[in-house]
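[1] When you get a sec, could you give me coordinates for this:
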Amino acid sequence: MVRVDGNENGGTSLIRVRGLDKTYRRGSEAIRVLQGLNLDVDAGDFVAFMGPSGSGKTTLLNLLGGLDVPSAGSITVAGDEITHMSARKLTNWRARHVGFVFQMYNLIPVLTAFQNVELPLLLTSLSTAARRRHVETALAIVGLADRMHHYPRQLSGGQEQRVGIARALVSDPTFLLCDEPTGDLDRKSADEILDLLARLVREHGTTVLMVTHDPRAAERARTVLHLDKGVLVEGAKTGRR
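    Numbers count the residues shown, from 1 in each chain. Got it, this is the predicted structure:
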């Protein structure tokens, strides 16, 4: 269940945001991007954030993922209040809890699909054999077990994004943050990626928060939230399960 009213019944939510503000400075001008946001997201939810360019969607995603710090307010994920963590603690927290999926895939061209997916695990204490098991499982989940030794140039755009999703999943994160995950894909490939995200939610209980401009992509989410001038408004539930 997703709530944006800030009621205290969100105490057991996976993600709990209270009074979130973000202001940037441009010279003497203060630009308030987010204004007093409240948000509760339960485990296993699939949430789509929509809104015009400059509405604060990507800023919100960056704050939830610990890539940026708010000007005011708090963010609590799985009981961890991340707002005032040191940079080092926040880096460790991100590695344990957040899987990022980007519009442009961000794969390293000289590495195979297997090696790209393995990258987040190289900073852990897992053995080589354990890393291999994790990578093979992640690639199997996204349907690319037979492409693990291919390089990005040998894959289609949709396949590259599947590798990106496998890389996000490989460390078993608490939630996925997807920033326009279908923005660089044709319709068929985009639908396949959206099918995959929906299946992760349905079959694996993955929590997905996705920024998108595409109404057809947003329809795949269980809840659509709209950002406009830094204010979050709950849209209609899609009814998807």
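[2] In contact with the spatially most central residue of the chain, which residues?
    Compute the mean C-alpha point of the chain, and by CA atoms, centre = their mean the closest residue is Leu177, 0.4 Å away. Going by CB atoms under 8 Å, 6 or more residues apart in numbering, Leu177 touches 61, 64-65, 98-101, 209-210. (C-beta placed from N, C-alpha, C; glycine too.)
[3] 10 Å - rerun?
    Going by CB atoms under 10 Å, 6 or more residues apart in numbering, Leu177 touches 58, 60-62, 64-67, 98-102, 168, 207-211.
[4] Same question for Ile108.
    115-116, 119, 151-152.
[5] in what helix or strand does Leu197 lie?
    Assigning secondary structure by DSSP states H and E places Leu197 in helix 187-204.
[6] average model confidence for that helix?
    The average pLDDT for helix 187-204 rounds to 94.
[7] So for it, what gets flagged as buried?
    Residues 189-194, 196-198, 200-201 are the ones in helix 187-204 that count as buried (16 or more other CB atoms under 10 Å).
[8] Just the CA atoms of that helix, as PDB, please.
    Extracted C-alpha coordinates of helix 187-204, given in PDB (Å, rounded to 0.1, in the frame of the first residue of the first chain):
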ATOM      1  CA  ARG A 187       7.800  -0.100 -27.900                       C
ATOM      2  CA  LYS A 188       8.300  -3.900 -28.100                       C
ATOM      3  CA  SER A 189      11.500  -3.900 -26.000                       C
ATOM      4  CA  ALA A 190       9.900  -1.400 -23.600                       C
ATOM      5  CA  ASP A 191       6.900  -3.700 -23.100                       C
ATOM      6  CA  GLU A 192       9.200  -6.700 -22.400                       C
ATOM      7  CA  ILE A 193      11.100  -4.700 -19.800                       C
ATOM      8  CA  LEU A 194       7.900  -3.600 -18.100                       C
ATOM      9  CA  ASP A 195       6.700  -7.200 -18.200                       C
ATOM     10  CA  LEU A 196       9.900  -8.200 -16.400                       C
ATOM     11  CA  LEU A 197       9.500  -5.600 -13.700                       C
ATOM     12  CA  ALA A 198       5.900  -6.600 -13.100                       C
ATOM     13  CA  ARG A 199       6.900 -10.200 -12.900                       C
ATOM     14  CA  LEU A 200       9.600  -9.400 -10.400                       C
ATOM     15  CA  VAL A 201       7.000  -7.700  -8.200                       C
ATOM     16  CA  ARG A 202       4.400 -10.400  -8.600                       C
ATOM     17  CA  GLU A 203       6.600 -13.500  -8.400                       C
ATOM     18  CA  HIS A 204       9.600 -12.400  -6.200                       C
END
